[in-house]
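**Student:** From the sequence below, what's the structure:
(one chain, ligands or ions: 2)
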Amino acid sequence: MRTVVVTDPPRADVDDAAALGGYGVATVHEALGRTGYLGPEFRPAWAGARAGGTAVTALCWPGDNLMIHVAVEQCRPGDVLVVATASPSTDGLFGELLATSLARRGVRGVVLACGLRDVADLREMAFPAWSRAVSAQGSVKATAGAVNVPVTLGNQVVHPGDVVLGDDDGVMVVPRGDVARALTASQARLEKEAASRAAFRDGELGLDRYGLRDRIEEFGIEYVPFAEERG
Ligand SMILES: O=C([O-])CC(=O)C(=O)O
Ligand SMILES: [Mg+2]
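**Tutor:** Ligands and ions are numbered 1, 2, ... in the order given. Below is the predicted model:
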């Protein structure tokens, strides 16, 4: 495993990151052509958690949180800490003490490919956290890894300085170079959905609004009265 700490990487604008967090994962993911989603196994530690920030990455040995402690020092206000492990592990590498340290540094949340613990305290602190597991299994601090190198979580690569956002729907990454496009496209999508919502409230059907009746005809889907189908 690489043992390197990259300091002060360029990062996306932290206000843009917060704005993307406000749009939410489903909207931004759709706006960017259904890209960036880490996958459904990344779940919030508590319902209602929401954050958008710039990634500081840590690559840890499984069962070892030494590099999380190293990464905390590299975190600046507006960041989200993103933790991967060198091989799959569900151990609880993160909890309320590390969250206390991150909150003190103005960090907006944490995303872990492994486990976390102290869920009740994280909820009480309202510290946004996502992970692939909740696990009380403790960790050692024995093996060096890396900070601020590209890491893979789920099916996505996160580079330091990318925007990472999370909410009840999961977590996604927006590459630093795509942030401006993500903001414009998310706003457009929000407006489009607001118009659809108003139409659905008025009783319009998706079949008509999205022009789906032609497609149904193309498929040759038959509408059969109940009585006829039963003979
Ligand atoms: O200390 C640890 O290893 C993880 C933890 O529980 C905390 O941060 O509170
Ligand atoms: Mg703890």
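**Student:** ok, residue 196 to residue 30 distance?
**Tutor:** 13 Å (C-beta to C-beta, to the nearest Å). Quick note: C-beta positions are derived from backbone N, CA and C, even for glycine.
**Student:** the more surrounded of those two?
**Tutor:** When residue 196 and residue 30 are compared on other C-beta atoms under 10 Å, the one with more neighbours turns out to be residue 30, at 17 against 14.
**Student:** Find the nearest non-adjacent residue to the more buried one, please.
**Tutor:** residue 189 (5.9 Å; C-beta to C-beta, 6 or more residues apart in numbering).
**Student:** near ligand 2, which residues of this protein show up?
**Tutor:** By the rule C-beta under 5 Å from the ion, the part of the chain lying against ligand 2 is 95, 118.
**Student:** lowest-pLDDT helix or strand in the chain?
**Tutor:** Least confident helix or strand, the chain: helix 226-229 with a mean of 84, by mean pLDDT, DSSP states H and E.
**Student:** now what about it, what contacts it?
**Tutor:** By C-beta atoms under 8 Å, 6 or more residues apart in numbering, no residue outside helix 226-229 reaches it.
**Student:** chain center to that helix: distance?
**Tutor:** 47 Å (C-alpha atoms, centre = their mean, to the nearest Å).
**Student:** try stretch 26-44
**Tutor:** Counting by C-alpha atoms, centre = their mean, stretch 26-44 comes out at 7 Å from the chain centroid.
**Student:** Would you list the strands that the strand with the most length in the chain pairs with, along with their directions?
**Tutor:** As assigned by DSSP state E, the longest strand anywhere in the chain is strand 51-60. Strand 51-60 has its sheet partners listed here by DSSP bridges as strand 79-85 (parallel), strand 146-147 (antiparallel), strand 163-167 (antiparallel).
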